[in-house]
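1. take a look and give me a structure for this.
(chains A and B)
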Amino acid sequence: MHTPIYFDNAATTFPKPQTVYDAAALAMRNAGGNPGRGGHPLARRAGEIVYHARETAAAMFGTEPENVVFTGNCTHALNLAIHGTLRQGDHVIISALEHNSVARPVAALAERGIITYSAAPVFPDSAETLDAFASLIRPQTRAVICTLVSNVTGQILPFREIAALCRSHGLRFIADGAQACGVIPVTLADGMDLLCTAGHKGLFGLMGTGMLLSRGTVPLTPLMQGGTGSLSNSLRQPDFLPDALEAGTVNVPGIASLDAGMQFVQRFGISHIFAHESALCEQVISGLRKIPGITVFRHADADYAPVVSFVHERIPAPEIGEQLAARGFCVRAGIHCSPLAHSSLGTETYGTVRFAPSVMNRPQEAEHFVRAVRQIVQ
Amino acid sequence: MQIRFLVRSETYTEKTRRLLERYRYHFSMQKTASREGCVYHFTVAGDADQLAALLNAARIPYQPV
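-> Alright, predicted model coming up:
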């Protein structure tokens, strides 16, 4: 059986670096205790693994280790941030490219009559996008919640300018960094109050990992209460980070893998990762644009992370995706959990085919991919 | 001088341990499990005021014993 060629790294990265697999296995074999519970060596070892990962994340994203909250995924982190922030009567601004991990919790709160929200269109020109956000601010606006990079088109939003806009209006900025972290330079110094990210995409950890990062100055109402191993005689959830937002047992092997993944990214260098992946995208875009009937969703004026969406004028995206899978290529074709983005693109019926390489992919694989698309549509 | 204090969070305990190691303090740490959950007992050799300044600067929530 041929090994599939994997271009679905926007969903989750594969393969992981060997150090990631090794770190998870080592944690499972040698540190099987529950961190923060019990005074025995295996609990202590697990605690050290978890703290080391906090230190790595803190150094990478510009905060203190205790301000790194581990979650099950980016959706979990975003729900912590969104439900922990918003109150009755608040208005929020999201972008028109949001993934359901932002759109659904916001829509759910609106449906319950707790908040109202507006979706800012995203233009190729950053200044126009910023104006769109600014024009939606009203007295009740409490927060801007938006992605840093679209998971459909790869467009990079002007997030530093959005952060500055939020600061000038006293708004909280909650950022979805799922597609950005590990791919483009992002730290809390860029101005977001809360940065939510997946551990299993650009940071190369295993699935089941994510983080909520802050400078520890933003109060959040916990989404869950439960055991933390601290202040156990109290029925109140601890009010200090990370315990306040980490109820229950954390995913130690996952966190160990995430630590190894972040270290891999730091060693490789985000600029090199971005350059490598972007070159593969440019190669594919160039090839796709030579195929009659193909539309690639890239605009010359916009900035992009290495994610490319395309459609064919006759063949629906899901069918192209199926045929690519039959030829051994792993891509995601459809709505990508981002109905808002596809509404913005006009692709809400069938979605798009998404090409999302990683630093593990090679130019020959990209060449084969373009050839396969050509065979399918011609 | 022997300084004793408690930390009640594993995360801050690890932070404390690394801090003390970085600044080359001689110390011991004992973890006990009680009805209050895990409590981490530190015994540090050094100047109390200097140590307090270090812990406070690092925003470590500790309880002198």
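
2. what about residue 28, neighbour count?
-> Unless you meant another one, I'm taking chain A. 12 (other C-beta atoms under 10 Å in any protein chain shown). C-beta coordinates here come from the backbone N, C-alpha and C atoms, glycine included.

3. other chain: chain B
-> 10.

4. hang on, it packs against B:Phe42?
-> Yes: the pair B:Ser28 / B:Phe42 is scored as a contact, 7.5 Å apart, by C-beta atoms under 8 Å.

5. report pLDDT for the closest residue to A:Pro242 other than its chain neighbours.
-> In this structure, A:Pro242 finds its nearest non-sequential neighbour in A:Val69, 4.7 Å apart by C-beta to C-beta, 6 or more residues apart in numbering or on different chains. With respect to pLDDT, A:Val69 has a value of 98.

6. now A:Met360
-> pLDDT, read off for A:Met360, is 97.

7. and the residue nearest to the spatial centre of chain B, its phi and psi?
-> With the centre of chain B defined as its mean C-alpha position, the nearest residue by C-alpha atoms, centre = their mean is B:Phe42, 4.7 Å away. Per-residue torsions, B:Phe42: phi -100, psi 140 (degrees, to the nearest 10).

8. now swap in A:Tyr304 and tell me
-> phi -130, psi 140.

9. mind checking how far it is from A:Thr153?
-> Distance, A:Tyr304 to A:Thr153, using C-beta to C-beta, to the nearest Å: 7 Å.

10. can you give me the helices in the chain?
-> In the absence of a named chain, chain A is used. A:18-30, A:41-61, A:74-85, A:100-111, A:126-135, A:159-169, A:252-268, A:270-288, A:317-326, A:339-345, A:363-377 (DSSP state H).

11. switch to chain B, that's the one I care about
-> Using DSSP H, helices in chain B cover B:10-22, B:48-57.

12. between those, which one is closest to chain A.
-> Closest approach to chain A among those (C-beta to the nearest C-beta): helix B:10-22, 3.6 Å.

13. for the record, mean pLDDT for the closest one?
-> Here the average pLDDT along helix B:10-22 is 93.

14. what's next to stretch A:315-325, contact-wise?
-> Stretch A:315-325 is contacted by residues A:311-312, A:331-334, A:347, A:349-353, A:369, A:372-373, A:376-377 when judged by C-beta atoms under 8 Å, 6 or more residues apart in numbering or on different chains.

15. try it again at 6 Å.
-> Contacts to stretch A:315-325, defined as C-beta atoms under 6 Å, 6 or more residues apart in numbering or on different chains, come from residues A:311, A:331, A:333-334, A:350-353, A:372, A:376-377.

16. buried ones in the lowest-mean-pLDDT helix or strand in chain B?
-> The weakest-scoring helix or strand in chain B, judged by mean pLDDT, DSSP states H and E, is strand B:26-34 (a mean of 87). Using 16 or more other C-beta atoms under 10 Å in any protein chain shown as the burial criterion, the residues of strand B:26-34 that qualify are B:27, B:31.

17. hang on, the earlier thing: between A:Tyr304 and A:Thr153, who's got more neighbours?
-> A:Thr153 (27 against 20).

18. you'd agree the more buried one is up against A:Phe297?
-> Yes: A:Thr153 lies in contact with A:Phe297 (C-beta atoms under 6 Å); the separation is 5.0 Å.

19. any residues in contact with both of those two?
-> Joint contacts of A:Thr153 and A:Phe297 (C-beta under 6 Å, 6+ apart) are A:Ser309.
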